[in-house]
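Visitor: A predicted structure for the sequence below; I have some questions about it.
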Amino acid sequence: MPDRLGTTFAALADPTRRAILARLVLGEASVTELAAPFQMSLPAISKHLKVLEHAGLIARGRAGPSRPCRLKAAPLKDAVNWLEHYRSFWEESLDRLEDHLRDVQAKGRTHGRQRR
């Protein structure tokens, strides 16, 4: 059974693939249009697209000789849902850190006044 979440995160690990997804948020695009901002060959872009397609993050259609790509956001929602479980942990940790820093600063002011 494939690890869909792992496949999604692996696809998102590459900055070129993230940039391609960001472009596809604006709408469908051809391989040539997706390749334009990058200094790499069309076959290299096609390899990135295959990774994104395998992860279910894009779909490639048929429109004559071109194969326009479009974003499929469902795997992104799954990744966000997984990450959301850890949000409360980080928020609580940051809240504790903020409280600790406030205590340290208050003690520093108190000790500074006593020395005068």
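Guide: Noted; the coordinates are in hand. Note that this is a predicted model, so its numbers are computed, not measured.
Visitor: Could you use CA atoms for every contact and neighbour count after this?
Guide: Will do.
Visitor: From residue 27, how far out is the closest residue in space to residue 62 that isn't next to it in sequence?
Guide: Spatial nearest neighbour of residue 62, excluding adjacent residues (CA to CA, 6 or more residues apart in numbering): residue 68 at 6.7 Å. Going from residue 68 to residue 27 by CA to CA, to the nearest Å gives 10 Å.
Visitor: Counting neighbours, go ahead and name the busier of the two.
Guide: residue 68 (19 against 12; other CA atoms under 10 Å).
Visitor: From what I see, the more buried one and residue 30 are in contact.
Guide: Yes. Residue 68 lies in contact with residue 30 (CA atoms under 8 Å); the separation is 4.3 Å.
Visitor: ok now do the spatially most central residue of the chain, which residues does it touch?
Guide: Most central in the chain under CA atoms, centre = their mean is residue 12, positioned 5.7 Å from the mean C-alpha point. Applying CA atoms under 8 Å, 6 or more residues apart in numbering to residue 12 gives the contacts residue 18.
Visitor: Distance-wise, check it relative to residue 81.
Guide: Relative to residue 81, and taking CA to CA, residue 12 is found at 15 Å.
Visitor: ok, now residue 69?
Guide: 25 Å.
Visitor: Which elements pack onto the lowest-mean-pLDDT helix or strand in the chain?
Guide: Using mean pLDDT, DSSP states H and E, helix 74-115 stands out as the lowest-scoring helix or strand of the chain, at a mean of 84. Applying 3 or more CA pairs under 8 Å, 6 or more residues apart in numbering; DSSP states H and E, one finds that helix 74-115 makes contact with helix 4-12.
Visitor: got the CA positions of whatever helix or strand comes next after the helix it packs on in PDB?
Guide: Sequence order places helix 15-24 as the next helix or strand after helix 4-12, per DSSP states H and E. The C-alpha trace of helix 15-24 is given here as PDB (Å, rounded to 0.1, in the frame of the first residue of the first chain):
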ATOM      1  CA  PRO A  15      11.600  23.900  -4.700                       C
ATOM      2  CA  THR A  16      11.100  23.500  -8.400                       C
ATOM      3  CA  ARG A  17       8.000  21.300  -7.800                       C
ATOM      4  CA  ARG A  18       6.700  23.800  -5.200                       C
ATOM      5  CA  ALA A  19       7.100  26.600  -7.700                       C
ATOM      6  CA  ILE A  20       5.300  24.600 -10.400                       C
ATOM      7  CA  LEU A  21       2.400  24.100  -8.000                       C
ATOM      8  CA  ALA A  22       2.400  27.800  -7.100                       C
ATOM      9  CA  ARG A  23       2.100  28.600 -10.900                       C
ATOM     10  CA  LEU A  24      -0.800  26.100 -11.300                       C
END
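Visitor: Since that was my last question, I'll sign off now.
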